[in-house]
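**Q** Attaching a predicted model along with its sequence, questions to come.
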Amino acid sequence: MLNWDHIFATRSSRMRASEIRELLKLLDRPEIISFAGGIPDPALFPAEAFRDAYAEVFTGGQANAALQYSVSEGYKPLREWLQADMARLGIGCGIDNIFITSGSQQALDYLGKLFLSPGDTALVNWPTYLGALQAFNAYEPTYDQLSLGNRTPASYAAAAGGHGGAVKFAYLSADFSNPTGETVSLENRKRLLALADELDIAVIEDAAYQHLRYDGEPVTPVLALDIERSGSIENTRTIYCGSFSKTLAPGLRVGYVVASTTVIRKLVLMKQAADLHSSSINQIAITHVAERHFDAQVAKIRNAYSARRDAMLAALDKYMPAGSSWTRPEGGMFVWVTLPEGMDGAELLALSVETEKVAFVPGQAFFADRSGANTLRLSFSCANEQMIDEGIMRLGRLVGGVLAKAA
């Protein structure tokens with residue numbers, strides 16, 4: 001047998017399977033109540049709107065363009081729609097500041113490639129989005145904990161110097177983050193920009209859940225704050241990554257980056273080398289649906305997910321034993337649970353699937369240093385209120401039983 005290991009690039013050793021993608025296989029088992037996949041509910045997809053959009057493409061005059069190669073920057077009418085949407089968020093930009101990607105995951109991969117040389121340092125939250133760690137890992141970085149408010153800029157520089165590489169960027173999801181559901185305060189967003197100035201690094205703002213706020217007051221995006229203080233998007237260091245996956249449909253794989261043209265031009269070169277451009281027909285279909293149905297679709301999913309969020313928080317209050325705590329997100333798809341010290345989320349998952357038929361994601365996967373063994377992520381997006389109550393009741397029973405045995 002051929003031994004491929006000595007032929008693969010050294011970076012391939014940093015590539016790991018996603019615990020979440022593996023857990024999605026559990027969704028095919030009808031007896032499992034799954035809080036694992038952070039995915040939208042397919043019952044809420046605007047299927048009829050997309051059916052009409054694709055039909056219009058092929059009955060109108062766009063069929064040839066939809067099936068042809070296109071520009072790497074992205075479909076112009078889609079970028080124009082995004083320009084208006086960004087303006088609603090306080091982000092003033094032109095269409096040349098907008099770049100279409102094959103999902104926001106591709107954007108993270110490109111940004112890792114653009115900024116990270118082997119040994120460079122990426123600042124991330126403890127915990128952070130697992131997909132970001134997967135995207136960045138291939139470029140062989142080290143990680144340091146992004147901690148706003150209680151670390152000095154010099155401490156980051158010292159840590160990076162010890163690793164032999166420079167700090168290149170800070171990555172975070174500012175609104176209803178995956179995995180914790182937490183939102184970064186306005187004060188800490190300003191601190192982040194001040195830190196980035198001190199270290200002279202980029203800021204990557206992952207805004208996948210930007211439109212999924214259920215209550216509370218919206219907080220100004222980091223990029224909008226950066227534009228406000230610098231006077232123009234061309235003078236900013238923040239790179240905003242968005243997606244239609246959580247609002248319209250993930251299967252079309254349409255995401256976007258909003259940043260200064262200096263950054264966009266580099267990303268376009270990467271796109272030309274990778275896949276030339278994102279799917280023309282999918283960009284056109286997304287544009288049709290966004291122009292006609294975006295606000296109504298977002299209102300529909302907000303109503304559904306808000307009720308499920310409330311059901312999960314109520315069930316956690318009712319069923320989880322003392323010693324556990326959890327976040328109370330104002331939006332998004334996730335609740336983050338911290339179990340008593342000494343418990344192991346991975347061991348609990350194996351026991352839960354076997355005995356209680358409930359799935360979740362052990363929290364350790366979201367820590368760059370593989371800490372956080374006593375944490376877990378629950379997603380409320382794909383279960384109805386009755387399933388949520390039953391599933392959390394089972395989970396609370398299991399946690400209580402494990403604690404009683406350990407006592």
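**A** Ah, there it is. Numbers count the residues shown, from 1 in each chain.

**Q** Run through the helices of the stretch 151-300 of the chain in chain order.
**A** 153-163, 186-199, 222-230, 261-274, 280-319 (DSSP state H, counting those that start in this stretch).

**Q** any idea which helix or strand comes after the lowest-mean-pLDDT helix or strand in the chain?
**A** The helix or strand of the chain with the poorest confidence is helix 19-23; it has a mean of 61 (mean pLDDT, DSSP states H and E). Using DSSP states H and E, the helix or strand that directly follows helix 19-23 along the chain is strand 33-34.

**Q** Now do that next one: distance to the chain's middle.
**A** Here strand 33-34 is found 21 Å from its chain centre; the criterion is C-alpha atoms, centre = their mean, to the nearest Å.

**Q** strands paired with that strand, and their directions?
**A** Paired neighbours of strand 33-34 in the sheet (DSSP bridges): strand 358-359 (parallel).

**Q** Pull up the gap between residue 199 and residue 152, please.
**A** 11 Å (C-beta to C-beta, to the nearest Å). Backbone N, C-alpha and C define where each C-beta goes, glycine included.

**Q** what ranges do the strands span in this structure?
**A** Applying DSSP state E to the chain gives strands spanning 33-34, 98-101, 121-124, 142-145, 167-172, 202-206, 238-243, 255-258, 325-326, 334-338, 358-359, 361-362, 375-379.

**Q** The last one - contacts with which helices or strands?
**A** So the one you mean is strand 375-379. In this structure, strand 375-379 packs against strand 334-338, helix 345-351, strand 361-362, with contacts taken as 3 or more C-beta pairs under 8 Å, 6 or more residues apart in numbering; DSSP states H and E.

**Q** These: which one's closest to residue 387?
**A** Closest of the helices and strands packed on strand 375-379 to residue 387 is strand 334-338, at 14.8 Å (criterion: C-beta to C-beta).

**Q** which residues make contact with that closest one from outside it?
**A** Strand 334-338 has contacts (C-beta atoms under 8 Å, 6 or more residues apart in numbering) with 38, 127, 176-182, 309, 312-313, 316, 320, 324-329, 363, 374-380.

**Q** Paired strands for it, with orientation please.
**A** Applying DSSP bridges, one finds strand 334-338 paired with strand 325-326 (antiparallel), strand 375-379 (antiparallel).

**Q** what's the angle between it and helix 280-319?
**A** Orientation check (axes from the mean of the first three to the mean of the last three C-alpha atoms, to 10 degrees): strand 334-338 against helix 280-319 gives 40 degrees.

**Q** Over strand 334-338, what's the mean pLDDT, rounded is fine.
**A** The pLDDT scores in strand 334-338 average 98.

**Q** Same check on stretch 358-367?
**A** Rounded mean pLDDT across stretch 358-367 is 94.

**Q** Repeat that for stretch 206-220.
**A** The model assigns stretch 206-220 a mean pLDDT of 97.

**Q** Same question for stretch 84-92.
**A** Stretch 84-92 comes out at a mean pLDDT of 98.

**Q** So what's the residue count around the closest residue to residue 118 other than its chain neighbours?
**A** Nearest residue to residue 118 in three dimensions, chain neighbours excluded: residue 140, at 3.9 Å (C-beta to C-beta, 6 or more residues apart in numbering). Neighbours of residue 140 under the rule other C-beta atoms under 10 Å: 18.

**Q** Residue 172 now?
**A** 23.

**Q** quick one: contacts for it?
**A** Residue 172 neighbours (C-beta under 8 Å, 6+ apart): 124-125, 128, 146, 184, 192, 203-206.

**Q** mind putting those residues in TSV, distance to residue 12 and neighbour count included?
**A** Below are those laid out as TSV (distance: C-beta to C-beta, whole Å; neighbours: other C-beta atoms under 10 Å):
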residue	distance to residue 12	neighbour count
124	21	24
125	26	23
128	22	26
146	27	19
184	34	19
192	32	24
203	29	24
204	24	28
205	29	27
206	25	26
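
**Q** Let me know the closest of those residues to residue 390.
**A** residue 128 (30.6 Å).

**Q** Contacts only, for the spatially closest residue to the closest one that is not a sequence neighbour.
**A** Nearest-residue entry for residue 128: residue 366, 6.0 Å, with adjacent residues in sequence omitted and distances by C-beta to C-beta, 6+ apart. By C-beta under 8 Å, 6+ apart, the contact set of residue 366 is 127-130, 133, 179, 372, 375, 377.

**Q** Report the buried members of the residues you listed.
**A** Among those, those classed as buried by 16 or more other C-beta atoms under 10 Å are 127-130, 133, 179, 372, 375, 377.

**Q** re earlier: could you identify which of the strands paired with strand 334-338 is most buried?
**A** Looking across the strands paired with strand 334-338 with neighbours counted as mean count of other C-beta atoms under 10 Å, the highest average goes to strand 375-379: a mean of 27.

**Q** excluding its backbone neighbours, what's nearest residue 31?
**A** residue 357 (5.2 Å).

**Q** Can you read off the pLDDT for the residue nearest to residue 118?
**A** Reading off the model, residue 140 has pLDDT 91.

**Q** doesn't residue 12 make contact with it?
**A** No. Judged on C-beta atoms under 8 Å, residue 140 makes no contact with residue 12 at a distance of 10.4 Å.

**Q** if we can go back for a sec, among the helices and strands packed on strand 375-379, which is the most enclosed?
**A** Taking mean count of other C-beta under 10 Å, strand 361-362 is the most buried of these, at a mean of 24.

**Q** name the helices or strands packed onto that strand?
**A** Strand 361-362 packs on helix 19-23, helix 345-351, strand 375-379, going by 3+ C-beta pairs under 8 Å, 6+ apart.

**Q** So for stretch 360-380, first residue to last residue, what's the gap.
**A** 10 Å (C-alpha to C-alpha, to the nearest Å).

**Q** For residue 157, which of the strands paired with strand 334-338 is the nearest?
**A** Between residue 157 and the strands paired with strand 334-338, the shortest separation by C-beta to C-beta is 29.2 Å, and it involves strand 375-379.
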